[in-house]
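J.: Have a look at this fold, sequence not included:
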């Protein structure tokens, strides 16, 4: 069940279910984006790199946050538009086989001038199975102030 602007307040948090990153995820993301950098797609090449294995595309992690958030149902039906991605940090690598969860913290919730919508400032933290923050930053969203009427 979606939440609407009055349901949100600063300090509120939501944690998503987890998702394990597979080799297929990496290859599909590479195909969709045409980012076939060998550090992501070539196991032998990646053995000689800093991490000794393939790393997951950074933007796959950022994109996954949105999909994980959708699984909570909190914003499904109330989100109108993603307003931006700000101060995004790639703190640690993500590897094939890592299980990731995303925590959303509401920093602020305010109505727009029309009153029909609200702006949620959100801090997102993507963490692996060990609780290590791998990515974080802001992804603000516009939401409906109330359910749409027919």
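T.: That came in fine, so what should we check first? Bear in mind that the values here come from a model prediction, so they are computed numbers and not experimental data.
J.: Quote the end-to-end distance of stretch 44-53.
T.: Across its full length, stretch 44-53 reaches 8 Å between end residues, using CA to CA, to the nearest Å.
J.: contacts for it?
T.: With CB atoms under 8 Å, 6 or more residues apart in numbering as the test, stretch 44-53 has contacts from 38-40, 43, 54-55, 93, 95-96. In short, each C-beta sits where N, CA and C put it, glycine included.
J.: run the last query once more with 7 Å
T.: For stretch 44-53, contacts defined as CB atoms under 7 Å, 6 or more residues apart in numbering pick out 38-39, 54, 93, 95.
J.: Considering those residues, which possesses the most neighbours?
T.: Neighbours here are counted as other CB atoms under 10 Å. On that basis the top member of the contacts of stretch 44-53 is residue 54, with 22 neighbours.
J.: What residue, apart from its backbone neighbours, is nearest that one spatially?
T.: In space, residue 54 comes closest to residue 46 once its chain neighbours are excluded; the distance is 4.3 Å by CB to CB, 6 or more residues apart in numbering.
J.: out of the contacts of stretch 44-53, which are inside helices?
T.: By the criterion of DSSP state H, membership of these in helices covers 38-39.
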